[in-house]
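> return atomic coordinates for the entry below.
(one chain, ligands or ions: 1)
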Amino acid sequence: MTTLRDYSQGAAFVRGQYVPIGEAAIPITDWGFLRSDAAYDVVTVWDGSFFRLDAHLDRFARSCARFRLDPGLAPAQITSVLAQCVRLSGLQSAYVEMVTTRGQPPWGSRDPRLAVNQFCAFAVPYVWIANAEQREKGLNLIVSRVQRIPATSVDPRAKNYHWNDLTMGLLGALDAGGDTVVLTDSAGHAVEGPGFNLFCVNAQGVLVTPQDGVLEGITRRTVIEIAQARGLPLQLRALPAGELRGAREVFVTSSAGGVLPVTRVDGVPVGSGAPGPITRQLGQTYWDWHRDPRYSLAVDSVPAVDVPDAVAAGA
Ligand code: PLP
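Predicted coordinates:
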């Protein structure tokens, strides 16, 4: 008797097979697990359509190249795999992750060049980095003394799992009664947080977002493009923590939630203490752009493309 598999909690593609998310596993000896040796990306599906999939695929390719990883699949094949994960799950709004891990070198070897890289992917229900109340009232953001891993050690433009700085910073922020955290660099500039980029509308009314030492978020890019289209004054540059504390508005950006207001920094109200008008407008336009055909691709319109067996098996 065959039992139908339940993909309702999500679906994954691992070693060439589609499996329910709860059954998806990689070998314990994969350096993706043992060394955080992997590159990944996350694209979202909203109302049945991918948002800016091309931008995510481009960034994924660049992340893999920076870490000398090869997913072994062309963008059209990756697109087909992601769409199939979403279709199997039946989700209309989803968080869709693609990963290349190092794999493992032959036993006895520690030469990463000999490892066979592995591609996997999964779709799960859409993830918000802030709950409904936080999205409405705004987050309390703690500026941490934990320093973000320097770009000269791990390139933050390559989306990666070197999250210990972010996780330790987040634990400290939660202990301090905050909702989330932003890390700083060696010069005390605010950079980014666990899964998001940072913006403020400074005391002069200029929209500022850190330029270096951060992942070039696709939501950040969307906000930059909206700001440019509206002619808002905008600067991409280092953001001193003091300037952040004196800002009129602060918000964070992520594929997991869009534009999320910050209404307290270290417990101190930002401006009036309520989400600001520029934050709200940018957030509204961000969601409006999800219906713009320039940026959306219906999951159902994605053709099935064969994934060669050799790649699927990681041979
Ligand atoms: N910064 C870091 C460290 C992240 O992990 C993420 C997303 O996960 C972001 C920024 C935001 O990027 P995006 O807008 O592409 O989701």
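
> distance of residue 80 relative to the ligand?
According to Cβ to the nearest ligand atom, to the nearest Å, residue 80 and the ligand sit 22 Å apart. The C-beta positions use only the backbone N, C-alpha and C, and glycine is treated the same way.

> can you check residue 269 too?
Residue 269 is 25 Å from the ligand, where distance means Cβ to the nearest ligand atom.

> what's the neighbour count on that residue?
Neighbours of residue 269 under the rule other Cβ atoms under 10 Å: 12.

> contact partners for the residue nearest to it when sequence neighbours are not counted?
The shortest distance from residue 269 to any non-neighbouring residue, by Cβ to Cβ, 6 or more residues apart in numbering, is to residue 263 (6.5 Å). Listed by Cβ atoms under 8 Å, 6 or more residues apart in numbering, the contact set of residue 263 reads 137-140, 250, 269-270, 273-275.

> residue 258 now?
With Cβ under 8 Å, 6+ apart, residue 258 has these contacts: 219, 283, 286-287.

> in ChimeraX, how would I select the buried members of these?
To isolate the buried members of the contacts of residue 258 in ChimeraX, using 16 or more other Cβ atoms under 10 Å:
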select :219,283,286
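
> got a markdown table for the contacts of residue 258, with pLDDT too?
As requested, the contacts of residue 258 are arranged in a markdown table below (pLDDT from 0 to 100):
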| residue | pLDDT |
| --- | --- |
| 219 | 98 |
| 283 | 98 |
| 286 | 98 |
| 287 | 98 |
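
> looking at the contacts of residue 258, which are in helices?
Using DSSP state H, the subset of those located in helices is 219, 283, 286-287.

> spell out which parts of the stretch 1-150 of the chain neighbour the ligand.
residue 42 (Cβ under 6 Å from any ligand atom).

> picking up where we left off before, which among the contacts of residue 263 count as buried?
137-140, 250, 270, 274-275.

> for residue 84, see how far away residue 93 is.
17 Å (Cβ to Cβ, to the nearest Å).

> do the same with residue 63
22 Å.

> who has more neighbours out of those two?
residue 63 (23 against 20).

> just to revisit the earlier point, name the SS class of the residue nearest to residue 269, please.
At residue 263 the chain is in strand, as set by DSSP: H, G, I helix; E, B strand; the rest coil.

> now do residue 124
Going by three-state DSSP: residue 124 is strand.

> that one and residue 20 touch, don't they?
No - applying Cβ atoms under 8 Å as the test, residue 124 and residue 20 come out as separate, 10.9 Å apart.

> which residues are common contacts for these two?
With Cβ under 8 Å, 6+ apart, residue 124 and residue 20 have common neighbours 9-10.

> run through the helices of the stretch 201-315 of the chain in chain order.
Secondary structure of the stretch 201-315 of the chain (DSSP state H, counting those that start in this stretch): helices at 218-230, 241-245, 277-288, 309-312.

> nearest to residue 162, out of these?
helix 218-230 (19.4 Å; Cβ to Cβ).

> mind giving me the packing neighbours of that closest one?
Under the contact criterion of 3 or more Cβ pairs under 8 Å, 6 or more residues apart in numbering; DSSP states H and E, helix 218-230 touches helix 53-66, strand 196-201, strand 207-209, strand 234-236, strand 249-254, strand 258-265, helix 277-288.

> mind checking the pLDDT average for the third one?
The average pLDDT for strand 207-209 rounds to 98.

> strand partners (parallel or antiparallel) of it?
Looking at strand 207-209 with DSSP bridges, its partner strands are strand 196-201 (antiparallel), strand 234-236 (parallel).

> gap between the first one and the chain center?
To tie it back to what came earlier, the one meant is strand 196-201. Mean-position distance between strand 196-201 and its chain equals 15 Å (Cα atoms, centre = their mean, to the nearest Å).

> what about this protein, any weak spots by pLDDT?
1-3, 309-315 (pLDDT under 70).

> the same query, at a cut-off of 50, please.
Counting by pLDDT under 50, the chain has low-confidence residues at 310, 312-315.
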